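Undergrad: 3D, please:
(one chain, ligands or ions: 1)
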Amino acid sequence: MLNKLEPNWNNSTPLYIQLANNLRQLILDGTLPSNDSLPSERKLTEITGASRVTIRKAIDRLVSEGLLLRKQGAGTYIAPPIEQSGEELKSFTEDTLSRGETPTTIWLIRATALPTKEEAKHLHLSVKDQVVRLGRVRLSNGEPLAIEHSVIAATMLPNPEEVTNSSYQALTKNGFPPAKGTQKIQASLATPTEAGLLSIQEGDAILRIERNTFLTDGTPIEYTCSAYRGDKYVFVTELHEYRD
Ligand code: 16G
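TA: Residues are numbered from 1 along each chain as shown. Below is the predicted model of the structure:
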């Protein structure tokens, strides 16, 4: 199966990019599973016929994409997915920082608008009440991990520009700290637009997440629909005592 790594010597695409693409494919389709170590540079040179310098450049590329991890003295590994608790109410910013990574945002929309019927229902508002619409690609260490579309009552966030990084921080500052929530997670496939924004292939695995967040008294704060990369996230849920 590693023969799929072999480059096409007649192709004008630089060799290291071809090798990076082939390796990425084997990682994404699970041929090279998470936590396994990558074959040595010498072995990869034998399989592909490429020089060690080229192999190293291909590996560097996947390390910068977060697909491979270099562990000092222990070689290169296929990066494990991010394990996220399905029970803790955490913000993307908080979660990324807690892993020692740097969160960034590509804004798709940050504006005050009117809600759809569905959004108004989730926020207990009328369709004539204004909401703030935040559409973002969320990145960690420069790698796109999720697309999030949130709507929040405009009374809780009068100025959408207040959200520079964390919406939960802005809401907390305005006196509306997110306290609890519910979340639905569904398996799905990336649409062409999502694939483009997340740097994955159309039809790759996606987790569609719908989150409702509330104040302690149950007042709705946000309604968010997200598309998380299926190759990057695992949601872990704690199970409580069995009673028959
Ligand atoms: C998380 C939430 C999202 C929330 C965001 C706030 C999931 C699936 N989604 O990404 O609903 O809007 O955090 O993050 O976990 P922020 O405070 O960094 O803007």
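Undergrad: tell me which element the residue nearest in space to the middle of the chain is part of?
TA: Most central in the chain under Cα atoms, centre = their mean is residue 145, positioned 2.0 Å from the mean C-alpha point. Using DSSP states H and E, residue 145 sits within strand 143-153.
Undergrad: what packs against that strand?
TA: Packed against strand 143-153 by the contact rule (3 or more Cβ pairs under 8 Å, 6 or more residues apart in numbering; DSSP states H and E) you find strand 103-113, helix 117-123, strand 131-140, helix 167-173, helix 192-198, strand 220-229. All C-beta atoms are positioned from the backbone trio N, CA, C, and that covers glycine.
Undergrad: what about it, near the ligand?
TA: Yes. Judged by Cβ under 6 Å from any ligand atom, strand 143-153 and the ligand are in contact via 148, 150.
Undergrad: return the distance of that strand from the chain's centre.
TA: 10 Å (Cα atoms, centre = their mean, to the nearest Å).
Undergrad: can you check stretch 213-222 too?
TA: Worked out by Cα atoms, centre = their mean, stretch 213-222 lies 24 Å from the chain centre.
Undergrad: with stretch 161-180 instead?
TA: That offset, for stretch 161-180, works out to 20 Å (Cα atoms, centre = their mean).
Undergrad: all numbers from here: first residue = 33
TA: Sure, I'll start counting at 33 from here, so that last one is stretch 193-212.
Undergrad: contacts for it?
TA: For stretch 193-212, contacts defined as Cβ atoms under 8 Å, 6 or more residues apart in numbering pick out 121, 123-126, 135, 137, 142, 164, 166, 182, 184, 188-190, 245-248, 253-254.
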